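Visitor: no sequence on this one, just coordinates:
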C-alpha cells in the first residue's frame, strides 16, 4: 500500500506536468460589462480662445512644411532603439536580455506609428521633427527625452514627448494635440502595434520574440483576459492595459508561455485600449485565404477643439522581458500578464472569490522569490536550485523521519498481514478490516510514508512553472561547455552541457542520472505488499526517465538532487537508529 501511495504521488506530479504542457490552455475570465470611457477634458492654451465656429463636414487641408526623414538613436544598458521621424515609428528595439533580442521586424512585426483618424481624410503617418539625433543613457544620464512635433495636414499639430530611462524598458509618452485651423475639429489619434497570426516561412530565423497571445486586464478585474492570435478576439470592457505576450522560437517551435511583453497602458481619460484582427494589406493569392494580422494599441479620442485649443494626455509603453519585479513596480497589474496556470474553481466558489481558477502564482511566486534571493548569494541559477533543494529537504526532514519510521513499522507488520491474507483469502473485505485494525493497534499510519512526497509536490510544480514562464531564468546557464559534438545528429547545434536551465538537457545525461538515483532510492525503500508488485514497480524509474527527457533541465536537476538527498537520509537513519519492531499482537478474531 505504501509503495502504491508513493508511486501515485509521483504519477500525480507527472500528470500535472503533462496537463500543464499539452492540455491546459490559458483561462479567459469573463470581463465585466462594457463601460463607456470618460470623455477627455480639453486643456485651454494660454492664449484666449476665440468664439468657436461651427465645423464643416471635413476640414480643408492646410500647407505643412516639408520635413526630411531622420532617425534618432536611443542607447541604454537595457536596449538599443531607433525612432523614425516618419510617424514616430520605432524601427529598432533590440533588448539586451540573455543576448541581443530584436522585438521589431520591418514590415512584419512592430508599430504603425502615430496616425490621425478622422472622417473624410486618409489615414497617413505624420512627418515629425525630432528634437535630437541621439540619446545615450547610463549612470551619468539616467533619463532622457525626445520630442516629436508634426502636423497632419489639416491643422492639427501633434507633439509627442518620449521619456526614456536607463534602468527601465518603459517609455513614458506625453501627447499634445493643438488645433491650428480656423475652424473647430476633432479626431482620433491611433498608436498601434501589429503582428502576424501565422509567422512567414521566409523569416523563421528571426531571433526575437514572436507574439503568442493578446492579453488585456479589464479595469476592476483580478484575472486578465487572454486570447491566442489564432482565436477570435472577444475583448470587452474598459482595458487597464493591453499587450502582446511573446516567446522566442526554439528548435523551430514556440512554447506555450511567453517571456517577452509589448504592452500599452492608458494614463489619461479619453485614451482607450483597442485590439483587432484583419487581413494583411496587399494582394491575396488566388484560391488562398488572406493572411491575417492582429493589432493592439491605444486610441486617443480628441474632442472637438476650437481654434488654438489643445488636448493633452499620457500613456505608458513597456517593451521588454516579463520580469515579475519590473512589471509589478509599474503598479498597473502588468505582472498579471505572466501566466502561471491554475486549477478550476467550483462555480459557487468562483462567484464568491471572483476567480475562475485558483491562481498557481500564489505558490510559484514565493518559491521563485526564494530562488532569486539565493541567486543573489551565488550568481548561478543552477547552484541556486541546488540550495533550494537542500533547504526543502531540511524543512521536510522531520516529515521524512516520520515517514521512514512508518514504513519500517509497516514492513515489520508485513508477516502478520500476509498471514491475514492467507487466512481470509476468500474474504477480501475481511482482510482489509483486519489489516486496518492491525495498523490501529500498533499505532501505524499507512499513509505516513507518502506525506513528504505530497508536501513537496507544490514546490516541484512551482519550480516547473517558474522555469517555464519566468523570464529571469530563460537562457540561464549552469555548467556550460559551449557547442560540441556537432557530428552527432541529436547533439548538432546544441550546447553542452547545461547552458539553459529552462531548456531540456539534450545530452540526456541529467535525466539518466535522475533515473539511476530513483532506481537506487526505490531499491532502498522498505518493501511492503506483494513482492511481485514490488518488482513490477522497478519499471517506474524507466518511465520517469523518459518523461523527464523533455522537461527543463533545472527541474530535472532539482528532482535528481532530491533523490540523492533522500538516499543520504535513508542511509543516515538506517545507521543511526535501531529498526522499528512493533509488538506482535495476537489476532483475536477467527
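Guide: Structure's in. What do you need? Just so it is clear, the structure is predicted and the values come from calculations on it, not from any experiment. Residues are numbered from 1 along each chain as shown.

Visitor: and the biggest strand by length in the chain, which residues are buried?
Guide: As assigned by DSSP state E, the longest strand anywhere in the chain is strand 292-305. For strand 292-305, burial by neighbour count (16 or more other Cβ atoms under 10 Å) applies to 293, 294, 295, 296, 297, 298, 299, 300, 301, 302, 305. C-betas here are computed from N, CA, C, even on glycine.

Visitor: and what of stretch 400-407?
Guide: Neighbour-count burial for stretch 400-407 flags 400, 403, 404, 405, 406, 407 (criterion: 16+ other Cβ under 10 Å).

Visitor: In helices, which of those fall?
Guide: Among those, DSSP state H puts 400, 403, 404, 405, 406, 407 in helices.

Visitor: Could you dump those into JSON lines and include pLDDT and distance to residue 260?
Guide: Conversion of these to JSON lines gives the following (pLDDT from 0 to 100; distance: Cβ to Cβ, whole Å):
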{"residue": "400", "pLDDT": "72", "distance to residue 260": "40"}
{"residue": "403", "pLDDT": "71", "distance to residue 260": "43"}
{"residue": "404", "pLDDT": "70", "distance to residue 260": "46"}
{"residue": "405", "pLDDT": "71", "distance to residue 260": "50"}
{"residue": "406", "pLDDT": "70", "distance to residue 260": "48"}
{"residue": "407", "pLDDT": "70", "distance to residue 260": "47"}
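
Visitor: would CSV of those residues with distance to residue 498 be doable?
Guide: Output for these, formatted as CSV (distance: Cβ to Cβ, whole Å):
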residue, distance to residue 498
400, 28
403, 31
404, 32
405, 37
406, 36
407, 34
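
Visitor: so which of the residues you listed would you say is closest to residue 441?
Guide: In terms of Cβ to Cβ, no member of those lies closer to residue 441 than residue 406, at 14.9 Å.

Visitor: any idea what sits nearest residue 363, other than its immediate chain neighbours?
Guide: Excluding its sequence neighbours, the residue lying closest to residue 363 (Cβ to Cβ, 6 or more residues apart in numbering) is residue 462, at 4.7 Å.

Visitor: Wait, a helix at the one you found?
Guide: Yes: counting by DSSP: H, G, I helix; E, B strand; the rest coil, one finds residue 462 located in a helix.

Visitor: Who are the contact partners of it?
Guide: Each residue near residue 462 by Cβ atoms under 8 Å, 6 or more residues apart in numbering is listed here: 360, 363, 364, 366, 367, 368.

Visitor: From those, list just the buried residues.
Guide: 360, 363, 364, 367, 368.

Visitor: Toward the C-terminus, what is the element adjacent to the host helix or strand of the third one?
Guide: Spelled out, it's residue 364. Using DSSP states H and E, the element containing residue 364 is helix 361-377. Sequence order places helix 381-395 as the next helix or strand after helix 361-377, per DSSP H and E.

Visitor: Now do that next one against helix 361-377, angle only.
Guide: If you take axes from the mean of the first three to the mean of the last three Cα atoms, to 10 degrees, helix 381-395 sits at 120 degrees to helix 361-377.

Visitor: and helix 381-395, how far out from the chain's middle?
Guide: From the chain centre to the centre of helix 381-395 is a distance of 23 Å (Cα atoms, centre = their mean, to the nearest Å).

Visitor: helices or strands next to it in the packing?
Guide: With contacts taken as 3 or more Cβ pairs under 8 Å, 6 or more residues apart in numbering; DSSP states H and E, helix 381-395 sits against helix 361-377, helix 451-469, helix 553-576.

Visitor: With respect to burial, which of these scores highest?
Guide: helix 451-469 (a mean of 22; mean count of other Cβ atoms under 10 Å).

Visitor: Next, the angle helix 381-395 makes with it.
Guide: Computed by the same axes, to 10 degrees, the angle separating helix 451-469 from helix 381-395 equals 160 degrees.

Visitor: Break this protein down into its domains, please.
Guide: Domains of the chain are assigned by automatic domain parsing as 70-339, 365-576.

Visitor: The ones you listed: lowest mean pLDDT?
Guide: Per-stretch mean pLDDT for the domains of the chain is lowest at domain 365-576 (a mean of 76).

Visitor: Distance from the chain centre to that domain, please.
Guide: Counting by Cα atoms, centre = their mean, domain 365-576 comes out at 26 Å from the chain centroid.
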